[in-house]
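K.L.:
I'll drop the sequence and a predicted model, then ask my questions.
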Amino acid sequence: MFLGIDTGGTYTDAVLFDHEDGVAAKAKALTTRHDLAIGIGSAVSSVLEQSGVGAQSVGLVSLSTTLATNALVEGQGGRTALVMIGFAADDLKRDGLAEALGGDPVIFVPGGHNVHGKETPLDMAPLEAVVNSIKNDVGAFAVAGYFAVRNPAHEIAVRDYLRAETGLPVTCSHELSTRLGGPRRALTTLLNARLVAMIDRLIDATEGHLEKSGIDAPLMVVRGDGALIASDIARSRPIETILSGPAASLVGAQYLTGLTDGVVSDIGGTTTDVAILEDGLPRLDPDGAVVGGFRTMVQAVAMHTYGLGGDSEVHVSDSGLETMLQLGPRRLMPLSLAAHIDAGPVIEALKRQPEAVHLGRHDGRFACLTGVPARFAAGLNQKEQELFGRLSDTFVPLDRLLAATPERATLDRLVARGLVHIAGFTPSDAMHVLGRQDNWNKEAALLGAKLLARRRNGAGNPIAENAEALAELTVERLTRQSCEVILAACLAEEGETLIDAGKSHSVHRALARVHGIVKFSLTLDRPLIGLGASAGSYYPAIAEMLASDSAIPDDADVANAIGAVVGHVRSSVIVFVTMPQEEVFAVNGAAISERFQSEDEAMDRAREIARESALSEAVAGGAEEPVISLRETVKAPEIEGIRTLVEARVTATADGRPRAVR
């Protein structure tokens, strides 16, 4: 049996799975953002209890997580010192490196190599002069050397020195990428070093719960490109786990549907993630993943994320003659979930508020503390502290909480800090009203819908006749906005920049089936694969509006967790061959730099190094009997009839299933 775990924005999923019988059991637990291990532990315990399978039957555990992604988006991470070998201060101005560095220390060390791997002498004196003064002020070091991808000797020397002198984690840029572009490689290394302690805590907590549960099996982590890596590799290269969750969903989608090509759209509580499945693999971002506004050198799925989900805030535009709804991008706690947690204050307020002659601006909205530890509330100003002090774990209606208009902005700041939840009417509530969802409190959803339906549009009429009509409007709006974000993602993948799917009159006419002198229609060139707990409720209508085939697998609600355990371990290594001078051929890559007098000898050695290194990395990453494939590209133009080697690249890829306990 395989145990897959996925931590999402709203839920943590766990699934027990085997390749012959499929899903044996699945479970969900609310994600505990302040301590992800609590949600993971609850989901794992629940799935074991449901299945009746003994812990000793679990042979492999795999985890996909949004922790690294969220940390970079929110600007979190430990203080890190950056060591730049062979770079100048002006290099910090490139690729956002200075902005990412912030107030963290940077040390410039003479050294580095050229494009052929030839060194400039390394001078450790600037580092030795400051290492003792900063080692107690940082939690990790990041080391980036000039052309270290061609010769990493200086990075390795600095790494070994820092580990011996400080005992702190050290990340080298050549360990993360073989691509040229020093400042962006340094940026990637810096971000990675900041995440080490955070991923350490997550893996420690997960392994601790597995041990407590009696599960003795390897722990794998999903990488951003959908491949798996051993947990100890993830500890040292945590940045590779950015976009881990979305990548797992694509792997799960391919496995569950058997389709090799598709548009995969995963709707959650907070976001809709859209990506392309091509030839059985996720399409990757060729320029590297962008997270938190920084473009990294991490290979990851080309994922398009939009603030649209089942828990999206419902906005009502009452300025026009006709009612207009807009969803997101902010997430609210659904009224039905709030009442499921604590029905008393929610139901009481929702029954009281309609008795007023006029609808209040805060009617149908509630606030409560998220329950994060008190230390997260440090640094609040006086107004924020006062409002924070009036809140508790109990839901408080906003019409009783907010005494003045400016306090709404104060409350929004507390929400942004992750200290407060706002509850209100969402598409999930609409589905409860319509009887298409029944896992929470339907009464609260119905009362909230009736309250919102009283709002009036610009013509002075109620925006909906009743609760059911309001719910239908909400679901229709989710269908339309989902079509728009799916089209936006597909157009972006096509390189189309002139069409805005949300504003284009032609796209509107095609989706609404409104025809003029010119008839517009559109569809997707591959099936729409719908994922998420509510996929079966939403995606048939979305596919119909897009005039596209659809595939919604039976276990769409846990596709991420399934993707976490059906993935492969995959490792790629690139070795370069260049000609620094006539009849001298340099071979660089995989921490090796050698010289040959024959191009054939150099190419044979490059193939050998690439093959052995890819195999070694895959085995270290947890692969069992990996298969090796080689790909070569050679740039050797003829100039005046003479062939001249500019650069050759030998790429070896090792691919295999992870080792499992038999």
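P.N.:
Here it is on my side, so go on. Residues are numbered from 1 along each chain as shown.
K.L.:
number of nearby residues for the nearest residue to D279 once chain neighbours are set aside?
P.N.:
Across the structure, with C-beta to C-beta, 6 or more residues apart in numbering as the measure, the residue nearest D279 apart from its sequence neighbours is T260 (5.8 Å). (Each C-beta comes from the backbone N, C-alpha and C, glycine too.) Neighbour count for T260, taken as other C-beta atoms under 10 Å: 12.
K.L.:
where along the stretch 251-400 of the chain do the strands fall?
P.N.:
Residue ranges of the strands in the stretch 251-400 of the chain, as given by DSSP state E, counting those that start in this stretch, are 262-267, 272-278, 281-282, 290-291, 294-295, 304-306, 312-317, 324-331, 333-334, 366-369, 396-397.
K.L.:
would you turn the ones you listed into TSV with mean neighbour count and distance to G344?
P.N.:
As requested, those are exported to TSV (neighbours: other C-beta atoms under 10 Å; distance: least, C-beta to C-beta, whole Å):
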stretch	mean neighbour count	distance to G344
strand 262-267	28	31
strand 272-278	24	33
strand 281-282	22	46
strand 290-291	18	41
strand 294-295	18	45
strand 304-306	19	35
strand 312-317	19	24
strand 324-331	18	24
strand 333-334	26	16
strand 366-369	23	12
strand 396-397	20	12
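K.L.:
least reliable of those going by mean pLDDT?
P.N.:
Taking each of those in turn, the one with the lowest mean pLDDT is strand 290-291, at a mean of 72.
K.L.:
contact partners of stretch 271-287?
P.N.:
Surrounding stretch 271-287, the residues in contact under the criterion C-beta atoms under 8 Å, 6 or more residues apart in numbering are 9, 225-226, 246-247, 249-251, 253-254, 259-266, 295, 299-309, 482, 485-486, 489-490, 493, 526, 529.
K.L.:
Any idea how far apart the tips of it sit?
P.N.:
Start-to-end span of stretch 271-287 (C-alpha to C-alpha, to the nearest Å) is 23 Å.
K.L.:
tell me the mean pLDDT for the longest strand anywhere in the chain?
P.N.:
Longest strand of the chain, by residue count under DSSP state E: strand 569-581. Taken as a whole, strand 569-581 carries a mean pLDDT of 89.
K.L.:
I'd like the next helix or strand past it.
P.N.:
From strand 569-581 onward toward the C-terminus, using DSSP states H and E, the following helix or strand is strand 584-589.
K.L.:
and V47, which of the three is it?
P.N.:
Secondary structure of V47, reduced to three states by DSSP: H, G, I helix; E, B strand; the rest coil: helix.
K.L.:
got a list of what it touches?
P.N.:
With the criterion set at C-beta under 8 Å, 6+ apart, V47 makes contact with L3, A14, V15, L16, A25, K26, A27.
K.L.:
and the last one, what helix or strand is that in?
P.N.:
The one in question is A27. A27 is located in strand 22-30, with elements delineated by DSSP H and E.
K.L.:
Can you give the strand pairings for that strand, parallel or anti for each?
P.N.:
With DSSP bridges as the criterion, the sheet partners recorded for strand 22-30 are strand 11-18 (antiparallel).
K.L.:
For I422, which residues count as its bridge partners?
P.N.:
For I422, the beta-bridge partners are A367 (DSSP bridges).
K.L.:
roughly how far apart are it and L380?
P.N.:
As judged by C-beta to C-beta, to the nearest Å, I422 and L380 stand 17 Å apart.
K.L.:
could you point out where the chain is predicted with low confidence?
P.N.:
Judged against pLDDT under 70, the low-scoring parts of the chain cover residues 9-10, 33-34, 70-77, 291-292, 318-321, 375-376, 661-662.
K.L.:
I'd like to know how far the residue positioned nearest the centre of it sits from P637.
P.N.:
A centroid search over the chain (C-alpha atoms, centre = their mean) returns L243, at 2.9 Å, as the residue closest to the centre. For L243, the distance to P637 under the criterion C-beta to C-beta works out to 38 Å.
K.L.:
again, but for G424
P.N.:
Distance, G424 to P637, using C-beta to C-beta: 64 Å.
K.L.:
any idea what sits nearest A88, other than its immediate chain neighbours?
P.N.:
Setting aside the residues directly before and after it, A88 is nearest to F108 in space (C-beta to C-beta, 6+ apart), at 7.3 Å.
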